[in-house]
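Whatever this is, show me its structure:
(one chain, ligands or ions: 3)
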Amino acid sequence: MDLSERPAPVKPLDDSERQLSAIFDQAQVGLSLFTLEGRFLRVNGELCRMLGRTREELLELRFQDVTHPDDLAHSLEAIGRLLETGKPESVDKRYLRADGTVVWANSSITRLENGPGLGYSVLAVTVDLTERKHVQDALAESEARFRVLAEASSALIWQLDPHGNGVYFNPRHQVLLGRPVEALLGAGWTEVLHPDEREEGVRSLMTAIAQREIVQLRVRVIFANGDWRWMEAHAAPWFTADGEYAGHVGIGLDIDEAVRAQEELLISNERLKLAIEGSGDGIWDWDLESNRMVYSKRAREILCLSGDEPVDPVAAMKQLVHPDDLSALNAAVNACIKGSAFTMEYRVRCPDAGWRWVMARGTVVARKAHNNMPERMTGTITDIAEKRRSEEIVWEHANFDLLTGLPNRRLFRDRLDHEIKKSQRTGQPLALLFIDLDRFKEANDLLGHTIGDQVLIEAAQRICACVRQSDTVARLGGDEFTVILTELDGGSHVETVAQKINDTLSRPFYLGNEVVYLSASIGITLSPYDAADAENLIRNADQAMYVVKSEGRNHFSYFTPSMQRDAKERLRLISDLRIALGADQLRVHYQPIIDLRDGRVVKAEALLRWQHPHLGMIEPERFISFAEEAGLISEIGDWVFLQAARWAGRWGARLGSPFPISVNKSPVEFVARLNEVNWPAHLTQMGLTGNSVSVEITEGLLLDASPGVSAKLLQYHDAGIKVAIDDFGTGYSSIAYLKKFEVDYLKIDQSFVRDLAASAGDRAIVRSIIAMAHELGLEVIAEGIETREQREFLAEGQCDFGQGFLFSKAVPANEFERLLCGNVSTA
Ligand code: C2E
Ligand code: MG
Ligand code: MG
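Numbers count the residues shown, from 1 in each chain. Ligands and ions are numbered 1, 2, ... in the order given. Purely as a prediction, here's the structure:
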């Protein structure tokens, strides 16, 4: 059709047309009438507003002028179709506004006949679509954006229709589930769920629809090959404008690794728990936020807790833990809260078992990120009752004397140090007593160790009964005890206690069929007067005790400075003695032994002297015990023997028959040692017979006879060396021993001889010793004969030999030789 055709002239308006014109102008849609060439004949206000032009401007233009060039062709085509068919057309197109901007609009065009034969004009109803178009564009853009996101997402994203059929599945489904997306579309959504989770899945979704909210599910989805993975699904139902359920969209996150890791953790936690419980330990877990403590079954057993409810640990601690352990436990827990793991041993109250020792270990396992405060502590609890008991036993063994149950030397030292400090603090003096049982060794040797042990146990009890509870009685070893008396006000209390101990220990000990008589030597020292430290106090008490012993036993003595001097001298003598032998300071003197029948000198006793460079001649009584103490006696004894053997050989040769010299031998000398002189072998080597020398021993040696002593005595006996018991009558004289060891002589102790004249008792003892000895085939030597009366009494009493100042004191060898030549000692 030809649009350049001129339009028919417009008829003047009648009334109805005027009415129509008003409607035309006021319509809320754009209205225009234009010629087939496109020239606007009429436009209304809305179109003017839409196109941003005045009515006058528009009426000067054609619709082609305001149409976007890109949309012109299809606009013209639509007009062409309209003219041809007469059917209205609808065109979506862009208009250009005066300012150049674009207006999206829809124009419905209708053909209007200008009048019969007058041709047509076109009426366009134009609706502004700009707004709608914007919305559509935005929608399309957002859809595109979400689609890109969905396609690229590593999460599963899907959409279902209201019947539960798949509408959209993002490509991730294919990767994760191993099924093509097409296979999922149209399928029921529950099919991808693990059979165990389908029911729950449907139920949750129904709830979500009913409550119009997003549902969150943890489900397993199944792969094409039957494997499954854990997913966390969030499904949001959606609804139409009128509230109809329209299906839902969902997103699924693959949490398989996390779930499996958590399961692993649970399993390993469970395993750990089993392992800990298997070891007998209990486990606790403390949530500090809620202050709730959860105990394992074993932990409850250990702590004697019933039920399985969580416990308030702070309250429980106060109720359960021993009051003495509470503050230490609190401190340990607080230190743990600050950062260090804790281990703590404490006691808990058990209804049936009293206090039970447990060990708790713990550590903080979770802290708050913002302030590092602990949230959770966990740990173990161990029943250490058994361990504690054995530790206590070990402690007791280390600190107590097993026999008497008294503190031993070690604990005594601890207590003494402690008491000294206390005494310094309070100003109250303390006393230290050293107690040594007199003659215990003899009783022990004679009656056996079982009786000896019983004596010690009873002695310990008797000593304890003399002191207060707060004082300490300890056993240092052997027959040595010590007492610490504290909080003294005056000295008299110390003496009372010492006297009580002396008295109680002097009472007979009745043990089965045996009666044992003992006494005690007690040394006492006071702190702070004598010394203010443990070392010196112990030394003082020991010295005081030593003095009591040497002065005849069974009393007590305070430490005095002179004792200290004596002790110092003793130490000096011991050190001097060490060089005495090498420095040729020792001498052997010889005292004759007389045949009481005819007064001839028939033997001699070798007696040791020490020519001290400063102190002059020292008697053996003063230094033999030091030589024993210092371990020098054996060497000295051998030296005396060598001297004696030499002179015995010489004098025997001179007399034409053996001249026996007796040598004193301490028990200590019977202990075998390297480099000792073999006496019989030496005599043989010198060409002497065994009876050139005899040995003087004490009774105690026989009582204590070890296999070594027996062997040596047997060796002497076999070699013909005679054995004499020295100082007979002063110790535990045992006839059985005399026989057993084949003793040859008894030497009656000088204490019996001294009082012969005055004491009928001593006379009786001496007579019976002689009779008994002869009965056993032994000969008797009386010591210490100083008077004719003594000599006569003994001679009449059939005593075989005598020795004493009446005949001669011990003299140097050359002097003795002169005496021997005369061989007349007394008339
Ligand atoms: P002992 O074996 O009983 O010796 C006798 C002691 O009595 C000697 O004292 C002697 O001098 C002394 N004595 C002798 N006759 C009389 C007397 O009529 N009146 C008095 N009051 N005393 C008399 P000594 O020499 O001082 O020896 C003392 C003790 O020392 C000895 O007692 C002996 O046990 C020991 N002893 C001496 N020399 C040695 C030795 O070489 N080795 C050992 N292990 N001990 C020795
Ligand atoms: Mg002797
Ligand atoms: Mg003697």
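
Distance-wise, check residue 522 relative to ligand 1.
27 Å (Cβ to the nearest ligand atom, to the nearest Å). The way it works is simple: take the backbone N, C-alpha and C, and place the C-beta from them, glycine included.

going forward can the numbers begin at 186, since that is how I track them
Got it, the first residue is 186 from now on, which makes the last one we talked about residue 707.

C-terminal to the host helix or strand of residue 325, what's the next element?
Assigned by DSSP states H and E, residue 325 falls within helix 315-337. Where DSSP H and E defines the elements, the next helix or strand beyond helix 315-337 is strand 341-345.

In that following strand, which residues are buried?
Neighbour-count burial for strand 341-345, with 16 or more other Cβ atoms under 10 Å as criterion, is recorded at 341-343, 345.

Stretch 908-924 now?
For stretch 908-924, the neighbour count (16+ other Cβ under 10 Å) marks 908-914, 916, 922-923 as buried.

Can you narrow these down to the ones near ligand 3?
911-912 (Cβ under 5 Å from the ion).

Which of the buried residues of stretch 908-924 fall within strands?
The strands, defined by DSSP state E, take in 908-913 from those.

who does whichever helix or strand residue 681 is part of touch, helix- and strand-wise?
Following DSSP H and E, one finds residue 681 within helix 677-691. Where contact means 3 or more Cβ pairs under 8 Å, 6 or more residues apart in numbering; DSSP states H and E, helix 677-691 is packed against strand 615-623, helix 634-650, strand 665-670, strand 704-712, strand 741-743.

please redo it, this time with the cut-off set to 6 Å
strand 704-712 (3 or more Cβ pairs under 6 Å, 6 or more residues apart in numbering; DSSP states H and E).

Can I get the buried residues of strand 341-345 in JSON lines including pLDDT and distance to ligand 3?
As requested, these are exported to JSON lines (pLDDT from 0 to 100; distance: Cβ to the ion, whole Å):
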{"residue": "341", "pLDDT": "87", "distance to ligand 3": "116"}
{"residue": "342", "pLDDT": "89", "distance to ligand 3": "120"}
{"residue": "343", "pLDDT": "87", "distance to ligand 3": "122"}
{"residue": "345", "pLDDT": "86", "distance to ligand 3": "125"}
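
Just flag the most distant two among the buried residues of stretch 908-924.
The most widely separated members of those are 908 and 914, with 16.9 Å between them, by Cβ to Cβ.

so the helix holding residue 325 versus strand 341-345, what angle?
130 degrees (axes from the mean of the first three to the mean of the last three Cα atoms, to 10 degrees).

In helix 315-337, which residues are buried?
Residues of helix 315-337 classed as buried under the neighbour-count rule (16+ other Cβ under 10 Å) are 318, 335.

just to revisit the earlier point, can you list the buried residues in the helix holding residue 681?
679, 682-683, 686-687, 689-690.

Flag whichever of these scores worst on pLDDT.
Within those, residue 679 has the lowest pLDDT, namely 88.

chain center to stretch 309-318: distance?
89 Å (Cα atoms, centre = their mean, to the nearest Å).

Can you tell me what sits against it?
214-215, 217, 232, 235, 288-294 (Cβ atoms under 6 Å, 6 or more residues apart in numbering).

same thing with stretch 767-780?
765, 786-792, 794-796, 825, 828, 986-988, 992-993, 995-997, 1001, 1010.

Among those residues, name the ones that also lie close to ligand 1.
792, 825, 988, 995 (Cβ under 6 Å from any ligand atom).

can you pull the buried residues of whichever strand or helix holds the second one?
So that's residue 825. Assessed by DSSP H and E, residue 825 sits inside helix 818-840. For helix 818-840, a neighbour-count test (16+ other Cβ under 10 Å) marks 818-819, 821-823, 825-826, 828-830, 832-834, 836-837 as buried.

Which element, helix or strand, includes whichever residue of the stretch 286-435 of the chain sits closest to ligand 1?
Distances between the stretch 286-435 of the chain and ligand 1 by Cβ to the nearest ligand atom are smallest at residue 415, namely 98.0 Å. Assigned by DSSP H and E, residue 415 belongs to strand 413-424.

Would you indicate which residues of the following helix or strand past that strand are buried?
Counting by DSSP H and E, the next helix or strand C-terminal to strand 413-424 is strand 430-439. Buried residues in strand 430-439, counted by 16+ other Cβ under 10 Å: 432-437, 439.

Sort out which one of those residues lies nearest ligand 3 for me.
Of all the buried residues of strand 430-439, ligand 3 sits closest to residue 439, with 108.9 Å by Cβ to the ion.

quick one: contacts for the closest one?
By Cβ under 6 Å, 6+ apart, residue 439 lies in contact with nothing.

beta partners of it?
Residues in a beta bridge with residue 439, per DSSP bridges, are residue 416.
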